[in-house]
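K.L.:
Got a predicted structure plus its sequence, pasted below:
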Amino acid sequence: MFDLIEKALSLSNGFCEIRISDKTSRGVAIKNGLLETSSSKRSIGAGIRVLRNGAWGFASTSDLDPDSLARALRDAEIAAMAIGSQSQKKVPALPPKKLASRDYGYKAKKDLEDIPFEEKIALAIRIESLIRKNSQFIVTATTYYSETTENKWVMTNDGAKCHSRLSKPDFYCVAVASKDGQMQSSFESRGVVGGFDELFDSRTPEQMAEKAARIAVDKLDAPYVEGGIHNVVLKPGMVGILAHEAIGHTVEADFVLSGSITAGKIGQKIASDLITMVDDGPNLMKIGNPAGYIEVDDEGVEAGGTVIIKDGILSSYLHSRETAELFGVEPTGNARAWGYTDVPIIRMRNTYIRPGKNSFDEIIGSVDKGYLLVNPENGEADANAEFMFGCGEAYEIARGKVGRLVKNVTISGQAFDVLKSVDMVGNDFEFAMGSGACGKIQPAKVDGGGPSIKCKAMLGGR
């Protein structure tokens, strides 16, 4: 592939970046004993980006031959020149950087492609049946398995020359229970980089099925949460969604340039002294194989760890090469594209809060009245860090002990106000957001997590 790319790069008279992606995606969904979907898709092609006349131009092609790449390069150059002639906002020239120049990729214990897809379908069928058999109150059960394996070659005419290969599987269990006209649902999911062994190394699919069914049934008789501002203990799943959705997006430099709440606040205190928050590409593989694992981004920049908040102080934004130049800093390796037809944009990788010193028992024991929030559900956040998330599993805390399950819980507020209220940070740690994908303009595999933390937040019920 590099020989093919080099021939195309030799035709360019300015900055040029060529990325070839060969991606295979498969998925199967089983619902109530029936095959709902089964898919297999391969996508292969090249995306070419050039910088001319102070503007980006981009073109892509599914034909990987020299003539097609040359035509795509010309199309990208024509687009850049046209945009540059009309736009008053100019993209800065990209100065030379130390860029990636080797092979990258996580090697799974057993490659996903070595396991027949029929075995994965059989797993989904078997686990879905287990969910329905768990209780007479289960009325709907769904399992979903998906996997993506991608080979990617990135080369620029200013020094990047790298190849990576990553596989990322996901597994979901969903249970819906019904009684006396009421319905409640619960789901368990996991997504990682690696293979089957990594996907189920912390919980078996049987354990995931049992918990999804049990929580759905138990919520039928559970009370509602008492609305208002409470002391809350957030488990790693809730910490992850807060870190990613409510805070992480506000520090992506393209959003900062558009006026997010963190604009101009580098060096300012925005959280409790106990909070250090990091976005990392490759450095935490021993902790759960986080799904946002990359070693190199799609601009050929090595993807190390970026400390966003250090001891409560905003320390860094997340950057592409372009925004790094605009801010006068080094790129952070956060430019990513989903497919060859997509332009690299700033995306998080694995975003988390670092562990502290308190045991989970110490944190719970410090709460006279409050709630333990375990698993997040869907929600939303905006550029001002205002958020509202659902919580699919939550419990009362009374006199320092975890009590009854409660249902239909939402947590909301301003994320930095919540972080300022943190007064205990656990010494536990987990990544818990690896399933699915972040949907900023285009999908991206990410992960998030952290320790258990104690803070104050607004809760709602009903």
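P.N.:
Great, that's in hand.

K.L.:
list the contacts for K265?
P.N.:
K265 sits next to L314 when contact means C-beta atoms under 8 Å, 6 or more residues apart in numbering. Where C-beta positions appear, they are placed from N, C-alpha and C, glycine not excepted.

K.L.:
repeat for L35
P.N.:
L35 neighbours (C-beta under 8 Å, 6+ apart): 28-29, 121, 125.

K.L.:
what do you get for E198?
P.N.:
Here E198 is in contact with 108-109, 192, 289 (criterion: C-beta under 8 Å, 6+ apart).

K.L.:
Please name every helix or strand in contact with the biggest helix by length in the chain.
P.N.:
Across the chain, the longest stretch assigned as helix under DSSP state H is helix 66-86. When contacts are defined as 3 or more C-beta pairs under 8 Å, 6 or more residues apart in numbering; DSSP states H and E, helix 66-86 packs onto helix 2-9, strand 34-52, strand 55-61.

K.L.:
can you give me how far the following helix or strand past the first one is from the chain middle?
P.N.:
Pointing back at helix 2-9 there. Later in the chain than helix 2-9, the nearest helix or strand by DSSP states H and E is strand 15-31. Distance of strand 15-31 from the chain centroid (C-alpha atoms, centre = their mean, to the nearest Å) equals 16 Å.

K.L.:
Taking their axis directions, strand 15-31 and strand 34-52 sit at what angle?
P.N.:
170 degrees (axes from the mean of the first three to the mean of the last three C-alpha atoms, to 10 degrees).

K.L.:
Give me the mean pLDDT for strand 15-31.
P.N.:
For strand 15-31, mean pLDDT rounds to 98.

K.L.:
One more: stretch 220-229?
P.N.:
Here the average pLDDT along stretch 220-229 is 95.

K.L.:
ok, back up a step: need the winner for burial among the helices and strands packed on helix 66-86.
P.N.:
Comparing those by mean neighbour count (mean count of other C-beta atoms under 10 Å), strand 55-61 ranks first with a mean of 20.

K.L.:
returning to what we had before: can you check which of the helices and strands packed on helix 66-86 gets nearest to F171?
P.N.:
strand 34-52 (14.8 Å; C-beta to C-beta).

K.L.:
Next, the angle strand 55-61 makes with the closest one.
P.N.:
140 degrees.

K.L.:
strands paired with strand 34-52, and their directions?
P.N.:
strand 15-31 (antiparallel), strand 55-61 (antiparallel) (DSSP bridges).

K.L.:
As a markdown table, those with distance to G304 would be great.
P.N.:
Listed next are those as a markdown table, based on distance: least, C-beta to C-beta, whole Å:
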| stretch | distance to G304 |
| --- | --- |
| strand 15-31 | 20 |
| strand 55-61 | 25 |
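
K.L.:
Ok, which of those comes nearest G365?
P.N.:
strand 15-31 (42.4 Å).

K.L.:
Domain map for this structure?
P.N.:
2-220, 228-460 (automatic domain parsing).

K.L.:
Of those domains, flag the one that's most buried.
P.N.:
Taking mean count of other C-beta under 10 Å, domain 228-460 is the most buried of these, at a mean of 21.

K.L.:
chain center to that one: distance?
P.N.:
That offset, for domain 228-460, works out to 10 Å (C-alpha atoms, centre = their mean).

K.L.:
Check stretch 59-75 too.
P.N.:
So, by C-alpha atoms, centre = their mean, the centroid of stretch 59-75 is 31 Å from its chain's centroid.

K.L.:
Same check on stretch 200-208?
P.N.:
For stretch 200-208, the distance to the chain centre is 21 Å (C-alpha atoms, centre = their mean).

K.L.:
got the end-to-end distance for it?
P.N.:
Between the opening and closing residues of stretch 200-208 lies a distance of 10 Å (C-alpha to C-alpha, to the nearest Å).

K.L.:
go on, stretch 216-232?
P.N.:
Span of stretch 216-232 from end to end, C-alpha to C-alpha: 22 Å.

K.L.:
cool, stretch 111-122 as well?
P.N.:
18 Å.

K.L.:
Can you give the distance of that stretch from its chain's centre?
P.N.:
Centre to centre, stretch against its chain (C-alpha atoms, centre = their mean), the figure for stretch 111-122 is 24 Å.
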